[in-house]
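Undergrad: sequence and predicted structure, then a few things I'm wondering about:
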Amino acid sequence: MGKINSRLIVLSVFVSLIACSAGSSLLRPVAEDALKLQSSGRIVTLDTLKTGFRLYVDHCSGCHNLHVPKEKTKEHWEAVFPEMFLRTKLSVSQQELVKIYVYSKL
Ligand code: HEC
């Protein structure tokens, strides 16, 4: 019985850790991000943002830690993207998804 209890405690700590990191919306796409873009006239779904985020994680964290989008202005990102995309193998449409994701977080 004690063993089961401690397993349950470990499990619930683990679950709440996951919940916490999922709750951090600094990086992770959330529904409001898609709504924000939609209200500015673009048709963007949460799935689109999630795909962009995945590409961002997979292709933009090999040389440095991920940059939190909000830490820079849109103008700054616009200036940085071309140079950074040259360092990846992202296709033009994948680059577009990364941009949409980053801009949804500003
Ligand atoms: C091949 C290595 C490499 C890859 C891949 C890479 N970067 Fe970088 N990145 C760098 C280096 C080196 C710097 C710092 C020096 C510089 O700015 O050139 C940097 C700097 C940055 C900066 C800070 C620049 C500034 O002036 O604020 C941002 C933002 C950034 N990268 C975003 C990205 C994004 C987005 C991607 C994916 C599309 C990416 N990086 C992929 C090497 C890389």
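TA: Received it, and whenever you're ready, just let me know what you need. For clarity, every value in this text was computed on a predicted model and none was experimentally measured.
Undergrad: and the helix or strand Gly52 falls within, which residues are buried?
TA: Assessed by DSSP states H and E, Gly52 sits inside helix 46-60. By neighbour count on 16 or more other Cβ atoms under 10 Å, the buried set for helix 46-60 is 48-53, 55-56, 59-60. Just so you know, the C-beta spots here come from the backbone N, C-alpha and C atoms, and that holds for glycine as well.
Undergrad: before we move on, what about stretch 96-106?
TA: 97-105.
Undergrad: cool, and stretch 83-97?
TA: Within stretch 83-97, the residues scored as buried using 16+ other Cβ under 10 Å are 84-85, 88, 90, 94-95, 97.
Undergrad: name the nearest of these relative to the ligand.
TA: Sorting these by how near they are to the ligand, with Cβ to the nearest ligand atom, puts Met84 at the top with 3.6 Å.
Undergrad: that closest one contacts Cys60, correct?
TA: Yes - taking contacts as Cβ atoms under 8 Å, Met84 lies within contact range of Cys60: 6.8 Å.
Undergrad: which strands and helices lie in contact with the helix holding Gly52?
TA: Helix 46-60 sits against helix 31-39, helix 92-104, with contacts defined as 3 or more Cβ pairs under 8 Å, 6 or more residues apart in numbering; DSSP states H and E.
Undergrad: roughly how far is the last one from the heart of the chain?
TA: In this case it means helix 92-104. 11 Å (Cα atoms, centre = their mean, to the nearest Å).
Undergrad: quick one, that helix and helix 46-60 angle?
TA: 110 degrees (axes from the mean of the first three to the mean of the last three Cα atoms, to 10 degrees).
Undergrad: which helices and strands does helix 92-104 pack with?
TA: helix 31-39, helix 46-60, helix 74-85.
Undergrad: may I see the ones you listed arranged in TSV, with mean pLDDT and distance to Ser25 as well?
TA: Converted to TSV, the helices and strands packed on helix 92-104 look like this (pLDDT from 0 to 100; distance: least, Cβ to Cβ, whole Å):
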stretch	mean pLDDT	distance to Ser25
helix 31-39	90	8
helix 46-60	98	11
helix 74-85	98	18
